[in-house]
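Visitor: Have a look at this prediction, sequence included:
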Amino acid sequence: QLQLVESGGGLVQPGGSLKLSCAASGFTLDYYAISWFRQAPGKEREGVSCISNSDGATYYPDSVKGRFTISRDNAKNIVYLQMNSLKPEDTAVYYCATSYGCTSQPELMDYWGKGTLVTVSS
């Protein structure tokens, strides 16, 4: 069974850090670009990072650039999202997803995990 499982979410104070993981089972992540999306209550799902499978290039929107870092460990079949300097507006459910090439359009993703909740609050 093809599956993506996110982990690492939780409650953190503003300015704090969290590291999310996206583990794949039933297939290898090597062949896919991997994206992280987030969705806050009442808002649309937005892409916050992507790492390509071809050259490891990474992409971030301005809202998280310099604070979030995506990386992949193909040997472990895991993709990470290191989040630093977290802000209350980063509060959302975070999802990982696969695609053939990086894109910020959620409708172009092939597989999705079920998400992990990140809450940034004092």
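Guide: Cool, the structure landed.

Visitor: And the helices in this protein?
Guide: For the chain, applying DSSP state H gives no helices.

Visitor: okay, which residue is most central for it?
Guide: W36 (2.4 Å; C-alpha atoms, centre = their mean).

Visitor: Hmm, that residue is touching I70, no?
Guide: Yes. Contact criterion C-beta atoms under 8 Å: W36 and I70 qualify, at 6.4 Å. Every C-beta, even on glycine, is put in place using the N, C-alpha and C of the backbone.

Visitor: Now do the same for the nearest residue in space to Y111 that is not next to it in sequence: its pLDDT.
Guide: Among residues not flanking Y111 along the chain, T98 sits closest, at 4.7 Å (C-beta to C-beta, 6 or more residues apart in numbering). T98 carries a pLDDT value of 95.

Visitor: Count the residues that sit near T98.
Guide: Using other C-beta atoms under 10 Å, T98 has 22 other residues around it.

Visitor: what sits against it?
Guide: L4, L29, Y32, A33, I34, S35, M109, D110, Y111 (C-beta atoms under 8 Å, 6 or more residues apart in numbering).

Visitor: count of neighbours near G101?
Guide: G101: 11 neighbours (other C-beta under 10 Å).

Visitor: meant to ask about T69
Guide: Neighbour count for T69, taken as other C-beta under 10 Å: 16.

Visitor: doesn't Q82 make contact with it?
Guide: Yes. With contact defined as C-beta under 8 Å, T69 counts as touching Q82 (4.4 Å).

Visitor: May I have the beta-bridge partners of I34?
Guide: For I34, the beta-bridge assignment (DSSP bridges) gives partners I51, T98.

Visitor: State whether it and Y100 are indeed in contact, as I suppose.
Guide: No. Using C-beta under 8 Å as the test, I34 is too far from Y100 to be in contact (11.2 Å).

Visitor: what about the two, which has more around it?
Guide: Between I34 and Y100, counted using other C-beta under 10 Å, I34 has the larger neighbour count: 27 against 13.
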